[in-house]
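**Q** Below: sequence and its predicted model.
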Amino acid sequence: MKTKLTAILFTDLAYFRTTHLSMQQGNIHFCSLLAGSKALTHKQWVAQLPCWHKSPHSPLRCLSSRTAMAEMEDDLADAMPRRGPEDDEDSERDEDERDWVVWDEEEEEEVVVVVDTDMHLSKVDTPPERSGHIAVVDGNFMFVWGGYKVCFQNAEAMGLFELYLPRSEMWIYNMETERWKMQLTEGELPASMSGSCGVCVDGVLYLFGGHHTNGNTNLVYRLPLRCPVLRWEKMTNLKGLAPTCKDKLGCWVYKNSLVFFGGYGYFSQEGHRGTFEFDETSIIMGNHIARGWNNHVHVLDLETLSWSQPVTKGNSPSPRAAHACAAVGNRGYVFGGRYMNYRLNDLYYINLDTWEWSEMSVPQNGPVGRSWHSFTPVSSDHIFLFGGFTTYRQTLSDAWLYSISKNEWKSFKHNHTESPRLWHTTCYGPEGEVFVFGGCANNLLSRERAAHSSELLVFNVQPKSLARLCMEAAVQHRDRLETIWDYLPKHLLHNLKQRMSSNNTMGS
């Protein structure tokens, strides 16, 4: 038996190189991996991996094949979002439990060596493709952080190799000039993660939960976005009983509080209210901490810096993850998500003053059940639904507008029907535009290489402002109008020149 593997080493200086390992007659030979390396038996190699993993100076993280995974136990953590088995024959991965999977049709053993430090920093003018990231809006700027992407593919072994995006990178999109820029962050950086929950309150980004190389987390970070230097702060002085470690949850911002709902993560702690549904596959795949879906509601008060869990009333939604939430007035809406083997199309809202749940009727001509979609408020009466992933493994490109006053769904016609997306982000801009960034364009759970996207899709859900129309006309008729641009106010001239120099504009 002979198996080839490509390993990636990253150092704290963002230096990396690829190294080939070969396994032959039970020995693993490190070829130019480390100076003075020697051949080790498979058991000796596996035995040393936990030591390298725990070393504070080592960038190595390891994930192994099905046969070695049980031996490594919790000492070996993921270098990508966890994957888990599915009942379907065409896939062994799902959005709730994502362990590293190497496809091996010939029953050969695979060993995967990867890294848990930042990837080399991006050297491009636009953000790399990604899924499972976060995005928030502050003024005319959209901030994008985290997620993961495909690094390369070992075609011979049919292995998908994916890495988290650098945790120090914050990508900022100017909605007026249609330009991207990357700014490095400082301070107490969170781990590189996917499936986190990010919201912006008064110019401050709050980050909760997610999945990193050691599993799920329930830590909270804050990042002021209006400062020249972006500096992360870890919120360690929070009082009260925190939620369990989880990812793929939803959040509503109401008054001066963050209200979190649902998600997929560790078993409920004593004192938590709500339902936890255990996922048996989380144990089958070698994880030794029970995971599952929940429908818990947790409130983080940003004034008192304390956690609380309200006593809810009414018919609460089932446990779920990879759902989408939207806050309109004092109502927190939640649509869809995955529960067990089902992807849902139910719609609930909770009164954020009385904590009473209400279920809305599901029309026959409404959107199909889905997870990994987006649900974005675009007015006091409408919420915009886009994309997602169905129970039948279809990646969606449909868009819908939900009318709150009429309790009615209407299909939204657009020009991006050939751009399906799942696990993307959606932000609503001040000019009545919905910005969809990143996500995966194909079946993320299939054996084919995931088509992570770096494309920015723009949907116009309201008429463009006069200023925006004039800006677009000036760009379109540059040859005729450029000679009189100098008569424009300075800030308009600056925006116009920035837009003209942009090489990444995306039309709607």
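**A** Arrived safely.
**Q** can you list the domains in the chain?
**A** Using automatic domain parsing, the domain ranges for the chain come out as 2-115, 467-501.
**Q** Dihedrals phi and psi, Gln476?
**A** phi -60, psi -40 (degrees, to the nearest 10).
**Q** how about it, what does it touch?
**A** Residues near Gln476 by CB atoms under 8 Å, 6 or more residues apart in numbering: none. Every C-beta, even on glycine, is put in place using the N, C-alpha and C of the backbone.
**Q** Distance of it relative to Asn460?
**A** If you measure Gln476 against Asn460 using CB to CB, to the nearest Å, the figure is 16 Å.
**Q** likewise Cys245?
**A** Distance from Cys245 to Asn460, by CB to CB: 39 Å.
**Q** Between these two, point out the one with more neighbours.
**A** Each of Cys245 and Asn460 has its neighbours counted (other CB atoms under 10 Å); Cys245 has more, 20 against 14.
**Q** So, low pLDDT: which residues of the chain?
**A** Residue ranges of the chain with pLDDT under 70: 1-123, 152-160, 284-288, 501-508.
**Q** Identify the residue nearest the geometric centre of it.
**A** Of all residues in the chain, the one closest to the mean position by CA atoms, centre = their mean is Gly132, 1.8 Å from it.
**Q** Contact partners for the residue nearest to it when sequence neighbours are not counted?
**A** What sits nearest to Gly132 in space, not counting adjacent residues and going by CB to CB, 6 or more residues apart in numbering, is Ser194, at 3.1 Å. Counting by CB under 8 Å, 6+ apart, Ser194 makes contact with Met80, Pro81, Ser131, Gly132, His133, Gly146, Gly147, Tyr148, Tyr164, Gly210, His211, Asp247.
**Q** ok, now how distant is the residue nearest to the centre of the chain from Arg478?
**A** 39 Å.
**Q** what does Val328 give?
**A** For Val328, the distance to Arg478 - CB to CB - is 40 Å.
**Q** Give me the more crowded residue out of these two.
**A** Each of Val328 and Arg478 has its neighbours counted (other CB under 10 Å); Val328 has more, 18 against 12.
**Q** burial of the residue lying closest to the more buried one once chain neighbours are set aside, as a residue count?
**A** Spatially, and ignoring its direct neighbours in sequence, Val328 is nearest to Pro377 (5.1 Å; CB to CB, 6+ apart). Pro377 has 17 neighbouring residues, counting by other CB under 10 Å.
**Q** so what's the backbone phi/psi at Pro377?
**A** Dihedral angles (degrees, to the nearest 10) for Pro377: phi -70, psi 130.
**Q** That one pairs with what?
**A** Applying DSSP bridges to Pro377 gives these bridge partners: Ile383.
**Q** surely it meets Cys427?
**A** No. Counting by CB atoms under 8 Å, Pro377 sits too far from Cys427 to count as a contact (11.0 Å).
**Q** then stretch 454-471 to CSV, C-alphas only?
**A** This file holds the C-alpha atoms of stretch 454-471, laid out as CSV (Å, rounded to 0.1, in the frame of the first residue of the first chain):
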residue,chain,number,x,y,z
SER,A,454,-15.4,35.5,-3.6
GLU,A,455,-18.1,37.1,-5.8
LEU,A,456,-20.2,40.0,-4.5
LEU,A,457,-23.8,39.8,-5.7
VAL,A,458,-25.9,43.0,-5.4
PHE,A,459,-29.7,43.1,-5.3
ASN,A,460,-31.7,46.3,-5.6
VAL,A,461,-34.7,45.9,-3.4
GLN,A,462,-35.5,49.7,-3.4
PRO,A,463,-35.1,52.4,-6.1
LYS,A,464,-31.6,53.9,-6.2
SER,A,465,-31.1,57.4,-4.8
LEU,A,466,-30.6,60.3,-7.1
ALA,A,467,-27.0,60.7,-6.0
ARG,A,468,-26.3,57.0,-6.8
LEU,A,469,-27.8,57.4,-10.2
CYS,A,470,-25.7,60.5,-11.0
MET,A,471,-22.6,58.7,-9.8
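**Q** For that stretch, give me every contacting residue.
**A** Contacts for stretch 454-471 (CB under 8 Å, 6+ apart): 126-130, 173, 176, 378-379, 382, 384, 386, 399, 401, 412, 414, 416, 419, 421, 431-438, 472, 492, 495-496, 499, 504, 506-508.
**Q** residues contacting the residue nearest to Val328?
**A** Ala326, Ala327, Val328, Ile383, Phe384, Tyr428.
**Q** Would you check which pair of those lies furthest apart?
**A** Ala327 and Phe384 (13.7 Å; CB to CB).
**Q** So Ser446, which state does it fall into?
**A** Under DSSP: H, G, I helix; E, B strand; the rest coil, Ser446 falls in the coil class.
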